[in-house]
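> here are the coordinates; sequence isn't available:
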């Protein structure tokens, strides 16, 4: 038997949710306050953390490639995983500077069901094209090989250690390419921080003003932030869990999990859910939760969402083996199935009820077009 | 394969030019609007209703439906499953019954749209070969339970809407250009190599005559939905996969043989509010007014086909389904409600509890019989 502790409450909200509030329409200032709190406390700090982590990793890559040894490789890998964690904590933001120059895909080309990254990486490594490891030529190569998934292959594929430590031409080229990916991640992350916070028109200011394109009203920027929250949960429910799970254990597909090579799939899911929960609760104060309670006056919805996030967090924490094993191991698979169901339910509440509370109703044609 | 292909197109024939062009059908008996609907995560339907609001039938679908095609000169309609789709469902709108089902071919999925040949005997569905991502038109024998006869190249990736022009001699295919995969829902997998096209195929043999490509600066502008004017001009409703901050046109016209699309102007505020996304297109019964749905902008926009000028909009929350009516258009909302629209009157709700409560999905179509 699976439990869905908030499913009953969800039904109640679906039935009675729209009748509750007698409050006045939210004002532009209500939206502006929410936007600024999320930008200043959630988005920008996380991009800064990403820039710090990728800069450190890039340094590790430089050092390792100069004198490849086992200790250097271990440091490189540890720095890589820290960078992955930093990316997973902000990958749900798809608007603003990350939307330009295909940066989101250059950071992480995923999902990748046709293994484009793998195929193109093999080609690059086979050709040993010098332009591929030159910072200027690197960006002209396929976006699929420019980010975390390609670097994960270089560090964690079968035989990766041996190849990187071989101290031959092939090893030197692999290392050179890994270093170039690290450098690219560092550069993109630094560009993101700069464009969010500096220059004549920092993106954070465009959102704060909310009176000209791309956001002519603060409410339009709130919609973008909502979509980021929704994306975090949707990626977990529909991609990161549902696809590897498959319909039954026998048809599980572990290689559709993200970061399965580094056994980091579950860490990613936990980081994504934590990021979504932080966005909802607010980093300290003034997240979506405060708006739902204080502006929309929907305390029951706030309680429901808090419970839903907490439940998904607890379920995610209860899984004890890597995701690629959990989806086929008898005692663990039900937990993953439960987590997927909880994430899907959470997504549904966000799409229907949180949008209503925020005054930004999104129909399914708008949210899920074709 | 060549034999199958020739066989398929041999059947399509040209002997019977359509007695009535699609945009000019007279109302002889019944005028029905068919629309797909989605209620919750797992309840999908197709409904047939009259402009009075009277609902003639509601039929459950085995999965989410998308586009609909009317078999010329009959009361038969095909509901095409949404990408990555697994079925065609054949409906007799006269009796309101399901009269057939067809499954997607091995290794291919439906992309949500299809069209019959002018004589109604052949059905073409836009499809994708899953592993390669190659775009196809599947060819089906409408006289034999929609059994699959073969397939031809669609002339690009991600074929979506299909229409018939030129008295039935030419198929027009919107190749969205976006590469996807069922294992990666809603993800664009080829942003760095997108090449959307509008392809014209010879309906007698399936050969691609020409393909109009987006200009390189607009390579992220997917060609997705089509409508055809009285003079066979093709109207294209597009979707942009590039950065949200870009300003790009979204509606275009194309006349056979022209080297490029002719983009239509919209007021800057309206264009911005549409948020890079058009969901469908239709031309009214007179063949002179183009309507385009913009669900992310919660509106429909209308143009005069004569000179391409913008003539107005209708604000409809999550509006996506659009079909010609005897007078103007029928507009359907994803949050409930169906409206009739005419340039003179604007949008007026069609009264009816079912229409008002329906969650109307992407597409609607008009049929008369």
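Done, it's in. Because the structure is a prediction, the values reported are computed rather than measured.
> so where's the chain shaky on pLDDT?
Using chain A. Under the criterion pLDDT under 70, the flagged ranges of chain A are A:1-23.
> nope, chain B
Where chain B drops to pLDDT under 70, the residues are B:1-28, B:41.
> can you pull out the helices in it?
With DSSP state H applied, chain B shows helices at B:2-12, B:268-273, B:353-357, listed in chain order.
> surely residue B:336 meets residue B:354?
No - taking contacts as Cβ atoms under 8 Å, residue B:336 lies outside contact range of residue B:354: 9.8 Å. All C-beta spots, glycine's among them, are computed from the backbone N, C-alpha and C.
> residues contacting residue A:351?
The neighbours of residue A:351, taking Cβ atoms under 8 Å, 6 or more residues apart in numbering or on different chains as the test, are A:230, A:362, A:364, A:367.
> using the three-state scheme, assign residue A:208.
helix (DSSP: H, G, I helix; E, B strand; the rest coil).
> state the distance from the residue positioned nearest the centre of chain A to residue A:137.
Most central residue of chain A, judged by C-alpha distance to the mean C-alpha position with Cα atoms, centre = their mean, is residue A:91 at 2.9 Å. Using Cβ to Cβ, to the nearest Å, residue A:91 is found at 26 Å from residue A:137.
> over to residue A:237?
39 Å.
> which one's more surrounded, those two?
Legend: neighbour count by other Cβ atoms under 10 Å in any protein chain shown for residue A:237 and residue A:137, higher for residue A:237 (22 against 13).
> list the contacts for the residue nearest to that one when sequence neighbours are not counted?
With Cβ to Cβ, 6 or more residues apart in numbering or on different chains as the criterion, residue A:237 has its nearest non-adjacent residue at 3.7 Å, and that residue is residue A:343. When contacts are counted by Cβ under 8 Å, 6+ apart, residue A:343 is found next to A:233, A:236-237, A:241, A:273, A:312.
> what is the nearest of those to residue B:367?
Among the contacts of residue A:343, residue A:237 lies closest to residue B:367 (Cβ to Cβ), at 37.7 Å.
> please identify the buried residues of stretch B:106-124?
Of the residues in stretch B:106-124, those buried under the neighbour-count criterion (16 or more other Cβ atoms under 10 Å in any protein chain shown) are B:108-124.
> next, the distance between the ends of that stretch.
Using Cα to Cα, to the nearest Å, one end of stretch B:106-124 lies 17 Å from the other.
> can it be said to contact chain A?
Yes - contact of stretch B:106-124 with chain A (Cβ under 8 Å from any Cβ of the partner chain) involves residue B:112.
> in the stretch 51-200 of chain B, which spans are strands?
For the stretch 51-200 of chain B, strands defined by DSSP state E, counting those that start in this stretch occupy the ranges B:55-60, B:65-70, B:76-81, B:87-92, B:97-103, B:108-116, B:122-129, B:135-141, B:147-153, B:159-165, B:170-175, B:197-202.
> got the angle between the last one and strand B:122-129?
So the one you mean is strand B:197-202. An angle of 140 degrees separates the directions of strand B:197-202 and strand B:122-129 when computed by axes from the mean of the first three to the mean of the last three Cα atoms, to 10 degrees.
> show me what residue of the stretch 251-369 of chain B gets nearest to chain A.
Nearest to chain A, among the residues of the stretch 251-369 of chain B, is residue B:318, at 2.3 Å (Cβ to the nearest Cβ).
> give me the number of residues near whichever residue of the stretch 151-300 of chain A sits closest to chain B?
When distances are taken as Cβ to the nearest Cβ, the stretch 151-300 of chain A reaches nearest to chain B at residue A:214, 4.9 Å away. Here the neighbour count serves as a burial measure; for residue A:214 (other Cβ under 10 Å) it reads 21.
> which parts of stretch A:157-172 are buried?
By neighbour count on 16+ other Cβ under 10 Å, the buried set for stretch A:157-172 is A:160, A:163-165, A:171-172.
> start and end of that stretch, how far apart?
For stretch A:157-172, the first and last residues are 17 Å from each other (Cα to Cα).
> what's next to that stretch, contact-wise?
The set of residues external to stretch A:157-172 that reach it, using Cβ under 8 Å, 6+ apart, is A:64-65, A:68-70, A:73, A:125, A:128, A:153-155, A:174-175, A:178, A:261.
> looking at the residues you listed, which are in helices?
Short answer: the contacts of stretch A:157-172 in helices (DSSP H) are A:64-65, A:70, A:73, A:125, A:153-155, A:174-175, A:178.
> quick check: residues of the stretch 251-369 of chain B near chain A?
Counting by Cβ under 8 Å from any Cβ, the stretch 251-369 of chain B sits next to chain A at B:269, B:272, B:277, B:279, B:295-296, B:298, B:317-320, B:333-335, B:359, B:361-362.
> all the strands of chain A, residue numbers only.
Secondary structure of chain A, counting by DSSP state E: no strands present.
> how about the residues of it by chain B?
For chain A, the residues in contact with chain B under the definition Cβ under 8 Å from any Cβ are A:95, A:99-100, A:102, A:105, A:111-114, A:116, A:142-143, A:213-214, A:216, A:238-239, A:243, A:253, A:256, A:344, A:348, A:361-366, A:368-370.
> so which of the strands of the stretch 51-200 of chain B gets nearest residue B:287?
Going by Cβ to Cβ, the one of the strands of the stretch 51-200 of chain B nearest residue B:287 is strand B:159-165, 12.0 Å.
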